[in-house]
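Enquirer: Any chance you could fold what I've pasted below:
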Amino acid sequence: MSELNLQQARHNMVQQQIRPWDVLDSRVLGLLEEMPREDFVPDAYRKLAYTDIDIPLGHGEVMMPPRLEARMLQALNVQPQETALEIGTGSGYVTALLAKLARHVYSVEVHPEFTAAAAPKLAAYGILNVTLETGDASRGWSNYGQMDVIAITGSFPSLPEVFEHTLKPGGRLFVVVGDAPAMEAMLITRLSADEFRREKLFETVLPPLRNAPQPDRFVL
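Expert: This next block holds a predicted model:
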């Protein structure tokens, strides 16, 4: 597919997938029009960069569909002075989007080859306000203190409380919670030291974060 065709596909994605899914934030829409998603997908899937599918990354991991990435960014409402934590670097595409909105992004990935592959892709676009780290953040990641924004790119059967407590007061966290096929995207806002607002945004399905803790299951 030619670069011109990819540019048209990107525009079509925004108009036909993103806007109809109630994404109206002009900053998010402009960013999706600007950032070439095809440069972050595996080469074998380059032609499918703008389709409404999970794109395999290896190790059983996937890139979220574009509409889910867009809804996440809109819900988080990242501001230029804020610091964000991303759990699951994956391809580096969401990392790039967050970095365009935030002051700094800390992104943690359990697969070292994903971290290694994301670094040059981000550098190629002059995205320098990102700290990439390899590690298992499935039970929390407080190495950098409390955050304004936390974006979790894999689902949890039940979200460990440690993530909520890594938010600053006023901070927001996006996560998909539940077991397939009944999962819900949630926005959690820390209102004060001990008070949180939990909003159910929409139903979706997202593969679980690697090593996500499993809650006790009742067995007859």
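Enquirer: remind me which residues of the chain are low pLDDT?
Expert: Flagging of the chain using pLDDT under 70 yields the residue ranges 1, 216-220.
Enquirer: got the residue ranges for the strands in it?
Expert: Chain-ordered strands for the chain, with DSSP state E as the definition, fall at 55-58, 61-63, 83-87, 104-109, 130-134, 147-152, 167-179, 182-190, 196-204.
Enquirer: Please identify which of the ones you listed is closest to residue 121.
Expert: When the strands of the chain are ranked by proximity to residue 121, the top entry is strand 130-134, at 10.7 Å, counting by Cβ to Cβ. Placement of C-beta: from N, CA and C, glycine included.
Enquirer: quick one: contacts of the closest one?
Expert: 89, 95, 99, 104-112, 115, 118-119, 122, 143-144 (Cβ atoms under 8 Å, 6 or more residues apart in numbering).
Enquirer: before we move on, what about stretch 54-71?
Expert: Counting by Cβ under 8 Å, 6+ apart, residues outside stretch 54-71 touching it are 13, 17-18, 21-23, 28-29, 32, 37, 40-42, 45, 48-50, 52-53, 72, 88, 90-91, 93-94, 97, 111, 113-114, 153-154, 185, 201-202, 204, 206-207, 210.
Enquirer: Please enumerate the helices of the chain.
Expert: Using DSSP state H, the helices of the chain run over residues 3-13, 26-34, 66-76, 93-101, 112-124, 161-164.
Enquirer: so who does residue 215 touch?
Expert: Going by Cβ under 8 Å, 6+ apart, residue 215 touches 157-158.
Enquirer: Which entries within the contacts of strand 130-134 meet the buried criterion?
Expert: Buried members of the contacts of strand 130-134, counted by 16 or more other Cβ atoms under 10 Å: 89, 95, 99, 104-111, 115, 118, 122.
Enquirer: and the residue sitting nearest the centre point of the chain, how far is that from residue 101?
Expert: Geometric centre of the chain, nearest residue: residue 153, 4.2 Å, by Cα atoms, centre = their mean. Here residue 153 is placed at a distance of 16 Å from residue 101 (Cβ to Cβ, to the nearest Å).
Enquirer: wait, isn't residue 185 in contact with residue 199?
Expert: No. In this structure, residue 185 is not within contact of residue 199 by Cβ atoms under 8 Å, at 9.4 Å.
Enquirer: Which one of those two is surrounded by more residues?
Expert: Each of residue 185 and residue 199 has its neighbours counted (other Cβ atoms under 10 Å); residue 185 has more, 21 against 12.
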